[in-house]
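>>> 3D model of this:
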Amino acid sequence: RQTPSAAVVRVAVALPLRSHRREWRDKAEMETPYYPPIDPKHFFALALALSLAGFFLMALFFTYETRAGASRTILKELPLAVLSSICLGGGTLFLMLWSGLYI
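I've put the predicted structure just below:
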C-alpha cells in the first residue's frame, strides 16, 4: 500500500520525462535528413580510381628517383610525392567506407 505523498512524487517525476520525450520526437520530425555529399554506391569506383592513380604516380616517383641520379631536384620530386600520397590516402579512405568501416 502506497501513501498518497509517494504517489504524488512518482507522478511529478514522470511528467517532465514524458514531455521531454514528446519535445524530442517533435524536433526529430522537423529536422531534415542528412544526405552525404558522395553517394555510397560510388565508393568502390572512387577507391579503385584513386588507388590506381596513386600507384601510377608512385611508380613515376620511384622511376624518377632511380634514373635521375645526381640531377634530382626537389621541384620535380615534391609534386609527384604529394599527389601520390593524396591519391593513395583518398583511395584507402573510400575503400574503408565501401567495406563498411565508417571513420
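>>> and Leu50, how many residues sit next to it?
20 (other C-beta atoms under 10 Å). In short, each C-beta sits where N, CA and C put it, glycine included.
>>> likewise Thr92?
14.
>>> Show me what the strand or helix carrying it packs onto, helices and strands only.
According to DSSP states H and E, Thr92 maps onto helix 74-99. Secondary-structure packing of helix 74-99 (3 or more C-beta pairs under 8 Å, 6 or more residues apart in numbering; DSSP states H and E): helix 43-68.
>>> Flag every buried residue along the helix it packs on.
43, 46-47, 50-51, 53-54, 57-58, 61 (16 or more other C-beta atoms under 10 Å).
>>> Turn these into CSV, columns for pLDDT.
As requested, these are exported to CSV (pLDDT from 0 to 100):
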residue, pLDDT
Phe43, 96
Leu46, 97
Ala47, 98
Leu50, 98
Ser51, 98
Ala53, 98
Gly54, 98
Leu57, 97
Met58, 97
Phe61, 94
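>>> Just give me the closest of these to Tyr102.
Nearest to Tyr102 among those is Phe43, at 10.6 Å by C-beta to C-beta.
>>> excluding its backbone neighbours, what's nearest that closest one?
The shortest distance from Phe43 to any non-neighbouring residue, by C-beta to C-beta, 6 or more residues apart in numbering, is to Trp98 (3.7 Å).
>>> what about the one you found, distance to Glu29?
Trp98 sits 32 Å away from Glu29, going by C-beta to C-beta, to the nearest Å.
>>> Neighbour count for those two, which is higher?
Neighbour comparison, Trp98 and Glu29: the larger count goes to Trp98, with 17 against 7 (by other C-beta under 10 Å).
>>> quick one: the more buried one and Ala47 touch, right?
Yes. The criterion here is C-beta atoms under 8 Å, and Trp98 meets it with Ala47 at 5.6 Å.
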